[in-house]
Every structure is written in C-alpha cells, then in structure tokens.
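*Asks:* Pasting a predicted model and its sequence here:
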Amino acid sequence: MAQAKDGDTVRIHYTGRLDDGEVFDSSAGREPLQFTLGAGQVIPGFEQGALGMNPGEAKTINIPADKAYGPHRKEMVMKVDRKEFPEDSELKIGMQLRMPQEDGRAIPAKVTDISESNVTLDANHSLAGKDLTFDIELVEIV
C-alpha cells in the first residue's frame, strides 16, 4: 500500500481541538481537506503528521504553536486612536476589521478593547500561540 509522501495530493478528514478540548474546526459533514504535501498549503505540523500515512489510517497528532500558527506576537497588537474610525462606527469587541496597508493590501484584525480614546486591534491569527491537536484520517492519495 502506498504511503503519503512529498508531492502527493492527499484528502484528509480532520477534527482540530485546543488543549481544553474545544473543537475549533472539523471536516465532519464536509468534503475532506485536499492539499499537496510539501507545497506549504497547510500548517507545517499538519503536513508533517500526514507524511507516511496509508489510506484508511487514522491517528492523533499534537502540534506545538511554533509548527502551527506561530507565537502570539505583541507587535501585532496595536492601539489606534478612536478618531481614526468614522464617528458612526459601531465597534464591538470581537469584531473583525480589515486594516489597509501601505502596499494596498489589507490584513484582518480583531477588536480586543475599546475605550473613549483608543481601539485595540490584534492582527495575530486567532490560533497564534496555541498548541493544537488534530484527529486525522487519510481518506486517499489522489
């Protein structure tokens, strides 16, 4: 039986959990996730966990933050003067915004605090700094 190796396109069912057991994502009820091993299409630890698996094989992989979405970086958290937002903005904690960059791109940021003078935005990925656990099953090598 063929084992999954770099360059193979694979289809994997998965359930991702945080250390407290909370499920943050799952392919249950959907098509399996399809990606090419070695192409950098998924986080490094997920890709490494799939290497060497046989179709039909299932396992649990633990991925430290540095092999997932990286550390939570303080420099990605910023306070923005409230005057930078339109007066009629209905800002709420947890709201996702898109911050325009000088190069024309926009990066997502989450509102984490609001005061009369400032709005605190966090541009880290929501899973940055977190260790992840995935139950994965290699459905097929395409």
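*Replies:* Cool, got the structure.
*Asks:* Adjacent strands (with direction) for the lowest-mean-pLDDT helix or strand in the chain?
*Replies:* One helix or strand of the chain scores below all others by mean pLDDT, DSSP states H and E: strand 96-100, with a mean of 88. Counting by DSSP bridges, the strands paired with strand 96-100 are strand 106-114 (antiparallel).
*Asks:* low-confidence ranges in the chain?
*Replies:* Scanning the chain for pLDDT under 70 picks out 1.
*Asks:* D8 touches F35, doesn't it?
*Replies:* No - D8 is not in contact with F35 according to C-beta atoms under 8 Å; the separation is 9.8 Å. Any C-beta I mention is one placed from the backbone N, CA and C, and that applies to glycine too.
*Asks:* domain parsing for the chain?
*Replies:* For the chain, automatic domain parsing gives the domain ranges 9-70+127-141, 74-122.
*Asks:* Which phi and psi values does D66 adopt?
*Replies:* phi -70, psi -20 (degrees, to the nearest 10).
*Asks:* no no, E57
*Replies:* phi -80, psi 140.
*Asks:* Distance across stretch 20-33, terminal residue to terminal residue?
*Replies:* Length of stretch 20-33, first residue to last, C-alpha to C-alpha, to the nearest Å: 24 Å.
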